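J.: Need coordinates for the following:
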Amino acid sequence: MPMKMQSRIGTAPKLPQARSAAPRQELLCDSIVTKYTDGSNHSLSMYAYDLLENQILREGYYWDSEQDDWIGSYKYVSAYDFIGNQTLSEDYEWDSDKNDWVGGCKYVSAYDANGNCTLYEYYGDSDKNDWVGGYKYVSAYDANGNRTLEEYYAWDSDKNDWVGDYKYVSTYDANGNLILEEYYYWNENQWIANGKIVFAYDANGNQTLSEDCYWDSDKNDWVSDYKYVSAYDVNGNQTLSEDYEWDSDKNDWVGGYKYVSAYDANGNRTLEEYYAWDDNDWVGDYKCVSAYDANGNQTLYEYYEWGSDEWVELYSCKYVYAYDTNGNVTLEESYYWNSDEWVLSTISTYYYTLRDLWHIDTEEDQIDNSLEMCYRVPGGVLTVVPAAEGVVTVYTLSGSAIASAEAGEGQQIEITLPARGVYIVKTAAATAKVVW
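T.: A predicted model of the protein is given here:
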């Protein structure tokens, strides 16, 4: 993909201006002479500009005391269009044997009225003292800035001309969605169709179809190859994904895999079904059903497998979860299916201890995570059991103290938090973060 080429030559410094009552005039530096402290020459830089003040030439020289003359070092030549896009970049180095500049590489670019790059050519130097083509990109764009054409060329040294390599042609709908992409390759003196992809979209711009085809020269027609089908709900969640491959013997599509999903109003996936292709139709493999509370915590998980013609609970499992107000899971129930109903198998209860997140020794200024501090936050009442006697202080994340209390070692104290959020609790021995 051709990119808008950035200038490869530096900008000469603009000289500072003294204050004056006269209209301000901006100076462009045209040369820089560098000398040693003894006054002898060191180096010389020369600059030139176009009418729009774009730098179009930069030459560098160094002083050769033996020849008592300036010797070329580097040269960069540039050109720009009327809106400032760089259309030419050439770099040279000095050849002392030829006593002349020798080219290194050259880039030529062109742009449309909207600033899109439509041409990008690269050239290198040869022994013939001339530029020799390397590669070329040609592009075109529609009125909306969508690229409709990409052509790639290589240089043919025998023909001394550009020869096509490959090409892409793209078509878009009124909404800017890519609906057709065609691929071509170069054969002697013309472009030959090779492949294409057809796309379709729903009313919300979600891609619902991608169909790959290849050109059959014997049939002189397009032949289907692969197809991908998708569907989305009104919130943009993907609810269907199918892939197919064309079977030339059956002259029909043969499925590979299929996923079906569903989501609740908060975007949590509540259903996931997987199907495989069996002869002429989709056959189920497994299904997962989930549920979530208002906070987005998963409260249910059920797993099913496919029977002869429907989803069955045989070898299936089910989990039910409960959470505290902080979003920590407190209960997990597992079930198994017993012919006609779910049977409770195990119950797991979760208990938590607040691990001290950081403790800073002011003398050593080191982090020590060895201390622990127990806490609970039922209904917004923070219960703290400090490991050492002293003041217990609660801070907001901004550093404001909202409450403090004296406590002995192992003594339980309660502090009411003003609102849900993240707080910092400091004791004489530890500092910890609390989330309510």
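J.: From now on I want contacts and neighbour counts done on CA atoms only, so please keep to that.
T.: Will do.
J.: Read off the pLDDT value for Glu363.
T.: Confidence at Glu363, expressed as pLDDT, is 35.
J.: Same check on the one 5 residues further on?
T.: According to the prediction, Asp368 has pLDDT 34.
J.: do Asn160 as well
T.: We have a pLDDT of 88 for Asn160.
J.: Give me the helices and strands touching the helix or strand in which Tyr76 is found, please.
T.: Assigned by DSSP states H and E, Tyr76 belongs to strand 69-80. The helices and strands touching strand 69-80, judged by 3 or more CA pairs under 8 Å, 6 or more residues apart in numbering; DSSP states H and E, are strand 55-64, strand 86-95.
J.: which parts of it are buried?
T.: Within strand 69-80, the residues that count as buried by 16 or more other CA atoms under 10 Å are Trp70, Ile71, Gly72, Ser73, Tyr74, Lys75, Tyr76, Val77, Ser78, Ala79, Tyr80.
J.: Given that strand, what are its sheet partners and their directions?
T.: strand 55-64 (antiparallel), strand 86-95 (antiparallel) (DSSP bridges).
J.: Those into JSON lines, with extra columns for mean neighbour count?
T.: Listed next are the strands paired with strand 69-80 as JSON lines, based on neighbours: other CA atoms under 10 Å:
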{"stretch": "strand 55-64", "mean neighbour count": "20"}
{"stretch": "strand 86-95", "mean neighbour count": "20"}
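J.: isn't Leu344 right up against Tyr336?
T.: Yes. Using CA atoms under 8 Å, Leu344 is in contact with Tyr336, at 6.7 Å.
J.: quick one, which of those two is more surrounded?
T.: Set Leu344 next to Tyr336 and count neighbours by other CA atoms under 10 Å: Tyr336 wins out with 19 against 14.
J.: Outside of the helix or strand hosting the more buried one itself, list whatever touches it.
T.: Using DSSP H and E, Tyr336 maps to strand 329-337. With CA atoms under 8 Å, 6 or more residues apart in numbering as the test, strand 329-337 has contacts from 313-324, 342-351.
J.: Figure out how far that strand is from the centre of its chain.
T.: Relative to the centre of its chain, strand 329-337 is centred 39 Å away, using CA atoms, centre = their mean, to the nearest Å.
J.: Next: stretch 419-428.
T.: With CA atoms, centre = their mean, you get 37 Å for stretch 419-428.
J.: And for stretch 26-45?
T.: 46 Å.
J.: Show me what the helix or strand Val283 falls within is packed up against.
T.: Per DSSP H and E, Val283 falls inside strand 281-292. Applying 3+ CA pairs under 8 Å, 6+ apart, one finds that strand 281-292 contacts strand 252-263, strand 269-278, strand 298-306, strand 311-323.
J.: Would you indicate which residues of that strand are buried?
T.: Buried residues in strand 281-292, counting neighbours by 16+ other CA under 10 Å, are found at Trp282, Val283, Gly284, Asp285, Tyr286, Lys287, Cys288, Val289, Ser290, Ala291, Tyr292.
J.: Okay, the fourth one and Tyr49: tell me how far apart.
T.: What it means is Asp285. From Asp285 over to Tyr49 the distance is 71 Å, taken as CA to CA, to the nearest Å.
J.: got it, and the fifth one?
T.: Look at Tyr286 and Tyr49: by CA to CA, they are 70 Å apart.
J.: Burial check on the nearest residue in space to Gly284 that is not next to it in sequence, number of neighbours?
T.: Leaving aside its sequence neighbours, Gly284 sits nearest to Tyr275 (CA to CA, 6 or more residues apart in numbering; 4.3 Å). A total of 20 residues lie near Tyr275 under the criterion other CA under 10 Å.
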